[in-house]
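# just coords:
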């Protein structure tokens, strides 16, 4: 198989695995609490990432990290997986999966907004219009297409879903400052930090009981292995085989639409037209902003 064809094959697998995450969240949360899901899935992910690093012979890289890099990685792990999934799992526990999943794709919009105060970037009206388009999509999803019917949706769940996008955007902004560290090492250390925090959180919430025979092992394993851990390496493999990251990068925005399809099949969750249209507006706003930003960058280079 030619490398570019293999890149698309690995990308397709990545999309399918991440698209199944929303269904796995809801299936697990139907039987266990968010703190219980958090600590067990983090532990599973940590073990799987350790196995990958061991097979790749990258454990020695941990010794090369400086004290300053370890301090930064501690904060990174506190943001993700700990804080991000604390908030996200609570949002999924309160909201229909289609709403929580769709609103989670606002994170590139939040990233653009946070880049203004943190990186000193300037949006301008051309940068604001795609953001407004995405927020219109979010409002359509949250209201289920009935702007007078907000009382039918868990308000705290909506706040948590939006807060998770802020945490994820902040994580990626901070992550870019650690470019000299191997990505696989960063991810492993993040879970090395986040897993004990998740265990302490579950202990505080009195949700640290060891799983019994009725434990939803299949969805929890899916979350730990594919949502949090191993799919990252599959995605990195796809990027390494592609002619350019841009050639497959935007395909990732097919994931939420595949996720809706899986939700409708596995959970029998009726997909609302407002969710589909709202998600389309969110993704359209993200892609429009990317296109506008790329055009502006080309103009700056030419001038």
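Arrived safely. Remember, predicted model here, so these are calculated numbers, not experimental data. Residues are numbered from 1 along each chain as shown.

# For residue 65, give me the backbone phi and psi.
Main-chain dihedrals, residue 65, degrees, to the nearest 10: phi -70, psi 140.

# Would you agree it is in contact with residue 73?
Yes. Using Cβ atoms under 8 Å, residue 65 is in contact with residue 73, at 7.3 Å. All C-beta spots, glycine's among them, are computed from the backbone N, C-alpha and C.

# which residues are common contacts for those two?
Contact criterion Cβ atoms under 8 Å, 6 or more residues apart in numbering; residues shared by residue 65 and residue 73: 181, 189.

# If you count surrounding residues, which of these two has more?
Taking other Cβ atoms under 10 Å, residue 65 and residue 73 do not tie; residue 73 has more neighbours (20 against 16).

# Report the spatially nearest residue to the more buried one, omitting neighbours in sequence.
Leaving aside its chain neighbours, residue 73 sits nearest to residue 189 (4.5 Å; criterion: Cβ to Cβ, 6 or more residues apart in numbering).

# Could I get the contacting residues of the one you found?
Here residue 189 is in contact with 62, 65, 70, 73, 76, 77 (Cβ under 8 Å, 6+ apart).

# Secondary structure element holding it?
Per DSSP states H and E, residue 189 falls inside helix 183-204.

# With residue 289 instead?
Assigned by DSSP H and E, residue 289 belongs to helix 273-302.

# Report the secondary structure state of residue 180.
coil (DSSP: H, G, I helix; E, B strand; the rest coil).

# And it, how far from residue 65?
10 Å (Cβ to Cβ, to the nearest Å).

# And residue 112, by the same measure?
Using Cβ to Cβ, residue 112 is found at 31 Å from residue 65.

# can you check residue 257 too?
39 Å.

# if we take the contacts of residue 189, which one ends up nearest to residue 35?
Lowest distance from residue 35 to the contacts of residue 189 (Cβ to Cβ) belongs to residue 77, with 17.3 Å.

# and the closest one, how many neighbours?
Neighbours of residue 77 under the rule other Cβ under 10 Å: 25.

# swap in the one 10 residues further on?
By other Cβ under 10 Å, 21 other residues sit near residue 87.

# Many thanks, we can stop here.
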